[in-house]
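1. My questions are about this predicted structure, shown below with the sequence.
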Amino acid sequence: MRKILGIETSCDETAAAVYEDTQGILSSVLYSQTDIHKLYGGVVPELASRSHLQKINPIVQSALNEAHAKLDNIDVIAVTNKPGLPGSLLIGVCFAKALAYALDKPIIGINHIEGHVFSPFLTNPNIPFPHICLTASGGHTSIYLVRGFGDYELLGTTRDDAAGEAFDKVAKLMGLPYPGGPVIEKLATQVNFVDFCKYPRTKLDNLDFSFSGLKTAVLYDLVNKGAYDMKEKKFLRPHDDQLKQEVSSSLLVCITDIFKNQIKKALKAHPEAKAITLVGGVACNKYIRKELGELCQKLGREFFVPAPKYCTDNAAMIAFVGNYKAEQGKFSDLELDILK
Ligand code: KG4
Ligand code: ZN
């Protein structure tokens with residue numbers, strides 16, 4: 001029996017979890033800083049690291065309590081050490097190193113993206129290899145071929161903004177709160193996912209993505225409709241629900257189409273892939289989940305997506321990766337450092 005303590009502080013969530021190799025997730029606890037950053041329309045790195053510093057101790061303690069575990073029962077400490085905001089990563093890594101040193105336990109540095117890539121296994125242990133994984137969050141949008149635990153190849157990635165960033169930036173244009181994805185989804189639901197505005201589906205020859213043009217297209221659409229003042233950088237129709245719904249719906253349909261195109265292309269390039277997984281914060285979106293699920297059914301592939309609490313940043317996925325790395329004997333040491 002192996003118990004892993006997972007710690008995640010790469011961005012604006014302070015998270016800790018306990019995973020056990022035979023029983024799975026014993027606890028997964030999280031403090032979200034959304035209310036702190038909401039005021040600024042995005043994550044403020046300095047505020048993020050200060051908040052991690054305040055919360056890390058109580059969050060780790062409650063993850064242990066919920067798992068009915070004591071530090072002495074922990075066998076391995078797994079901590080996100082890349083990529084992320086340096087000041088945020090440092091809090092988790094320093095805390096984990098101090099624990100590992102004081103308790104004389106092994107430590108493993110975990111790649112946050114690898115955590116997302118394997119997050120569907122937290123709720124579905126039988127996902128076949130090889131499969132294609134679409135990772136879509138606020139910081140990353142990439143597509144991987146996943147051959148086994150820890151064995152994955154990057155097939156394409158965004159050249160500019162991440163998909164979640166496109167939701168966040170468009171929400172900000174319309175004066176909507178951060179994070180934008182859930183608000184845009186709610187507005188889009190009210191007009192039943194109709195594509196009113198026909199925003200461009202940026203098509204690249206390979207499996208890369210590009211979302212920055214999409215934000216610009218929405219901006220010019222709003223300007224042309226007299227709804228945005230470029231000079232003042234101000235949305236002029238905060239009470240026009242119909243406009244907000246139409247833009248949200250069109251944006252969501254557009255991003256979903258871009259995902260569908262790239263999944264189809266990835267499957268053409270790798271027909272051996274037996275399944276598709278969708279991970280990261282954007283994977284919370286019910287419309288995207290439904291549309292990609294239906295596409296996979298048509299293409300004769302299984303489709304897996306984690307429970308929403310494991311789509312967004314969490315430490316259970318970090319502990320899960322820590323478990324198979326420990327099994328593979330891939331440990332770090334106390335020289336472990338952060339990497340942006
Ligand atoms: O994975 P995550 O929690 O953090 C990063 O690693 O970035 O993802 C956060 C991103 C935000 O951009 C947020 O707007 C987006 O995920 N998101 C959504 C939804 N819920 C969160 N995007 C679309 N629809 C949602 N329901
Ligand atoms: Zn993430």
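-> Sure thing, it's come through. Residues are numbered from 1 along each chain as shown. Ligands and ions are numbered 1, 2, ... in the order given.
2. that's a helix at Glu114, yeah?
-> Yes: assigned with DSSP: H, G, I helix; E, B strand; the rest coil, Glu114 falls within a helix.
3. contacting residues around it?
-> For Glu114, the contact set (C-beta atoms under 8 Å, 6 or more residues apart in numbering) comprises Gly150, Tyr152, Val321. Glycine gets a C-beta too; all of them are placed from N, C-alpha and C.
4. What pLDDT does the model give it?
-> For Glu114, the pLDDT comes out at 98.
5. What distance do you get for it to Gly139?
-> As for Glu114, its distance to Gly139 is 14 Å (criterion: C-beta to C-beta, to the nearest Å).
6. Secondary structure element for Gly175, which one?
-> Using DSSP states H and E, no element contains Gly175; it sits outside every helix and strand.
7. same thing with Leu278?
-> Using DSSP H and E, Leu278 falls in strand 275-279.
8. tell me the average confidence for that strand?
-> Taken as a whole, strand 275-279 has a mean pLDDT of 98.
9. Next, see if it gets close to ligand 1.
-> No: using C-beta under 6 Å from any ligand atom, strand 275-279 never reaches ligand 1; the gap is at least 8.2 Å.
10. Could you spell out the sheet neighbours of that strand, each with its direction?
-> Sheet partners assigned to strand 275-279 using DSSP bridges are listed as strand 131-136 (parallel), strand 302-304 (parallel).
11. nearest to ligand 2, of those?
-> Of all those, strand 131-136 sits nearest to ligand 2, with 8.3 Å by C-beta to the ion.
12. export the helix or strand following that closest one as CSV, just CAs?
-> Later in the chain than strand 131-136, the nearest helix or strand by DSSP H and E is strand 141-148. C-alpha atoms of strand 141-148 as CSV (Å, rounded to 0.1, in the frame of the first residue of the first chain):
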residue,chain,number,x,y,z
THR,A,141,-4.4,24.3,-25.2
SER,A,142,-2.6,21.2,-26.6
ILE,A,143,-3.3,17.9,-28.1
TYR,A,144,-1.3,14.8,-27.1
LEU,A,145,-0.9,11.2,-28.2
VAL,A,146,-0.9,9.2,-24.9
ARG,A,147,0.8,5.8,-25.2
GLY,A,148,1.0,4.8,-21.5
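13. Could you pull out the buried residues of strand 141-148?
-> Thr141, Ser142, Ile143, Tyr144, Leu145, Val146 (16 or more other C-beta atoms under 10 Å).
14. need those residues in CSV with distance to ligand 2 and pLDDT, can you?
-> Output for the buried residues of strand 141-148, formatted as CSV (distance: C-beta to the ion, whole Å; pLDDT from 0 to 100):
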residue, distance to ligand 2, pLDDT
Thr141, 11, 97
Ser142, 11, 97
Ile143, 16, 98
Tyr144, 14, 98
Leu145, 20, 98
Val146, 17, 98
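15. So which other helices or strands are in contact with whichever strand or helix holds Lys268?
-> Element membership for Lys268, per DSSP H and E: helix 241-269. Under the contact criterion of 3 or more C-beta pairs under 8 Å, 6 or more residues apart in numbering; DSSP states H and E, helix 241-269 touches strand 131-136, strand 141-148, strand 151-157, helix 163-173, helix 180-189, helix 212-224, helix 286-298.
16. could I get the ones you listed as TSV with distance to ligand 1?
-> What follows is the helices and strands packed on helix 241-269, written out as TSV (distance: least, C-beta to the nearest ligand atom, whole Å):
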stretch	distance to ligand 1
strand 131-136	8
strand 141-148	10
strand 151-157	14
helix 163-173	2
helix 180-189	2
helix 212-224	13
helix 286-298	7
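17. out of these, nearest to Glu20?
-> Closest of these to Glu20 is strand 141-148, at 21.6 Å (criterion: C-beta to C-beta).
18. Show me what the closest one is in contact with.
-> 113, 117-118, 129-135, 152-158, 162-164, 207, 209, 211, 262-263, 266, 270, 273, 277, 280, 282.
19. cutoff 7 Å now
-> 117, 129-135, 152-158, 162-163, 207, 209, 262, 266, 270, 273 (C-beta atoms under 7 Å, 6 or more residues apart in numbering).
20. Excluding chain neighbours, what is closest to the residue nearest the centre of the chain?
-> Of all residues in the chain, the one closest to the mean position by C-alpha atoms, centre = their mean is Gly280, 2.7 Å from it. Leaving aside its chain neighbours, Gly280 sits nearest to Ser137 (3.4 Å; criterion: C-beta to C-beta, 6 or more residues apart in numbering).
21. for Val223, what are its contacts?
-> Contacts of Val223 (C-beta under 7 Å, 6+ apart): Met230.
22. can you tell me how far it sits from Phe121?
-> From Val223 to Phe121 the distance is 45 Å (C-beta to C-beta).
23. And for Cys133?
-> Taking C-beta to C-beta, one finds Cys133 at 11 Å from Phe121.
24. try Leu5
-> 18 Å.
25. Model confidence for the nearest residue to Ser250 once chain neighbours are set aside, exactly?
-> Spatial nearest neighbour of Ser250, chain neighbours left out: Cys197 (3.8 Å); criterion: C-beta to C-beta, 6+ apart. Looking at Cys197, its pLDDT reads 97.
26. Sticking with Cys197, tell me its helix or strand.
-> Short version, using DSSP H and E: Cys197 is in no helix or strand.
27. any idea what sits nearest the residue of the chain most remote from its centre, other than its immediate chain neighbours?
-> Using C-alpha atoms, centre = their mean, the residue of the chain lying farthest from its centre is Gly226. It sits 34.3 Å away. Nearest residue to Gly226, sequence neighbours excluded (C-beta to C-beta, 6+ apart): Leu236, at 6.9 Å.
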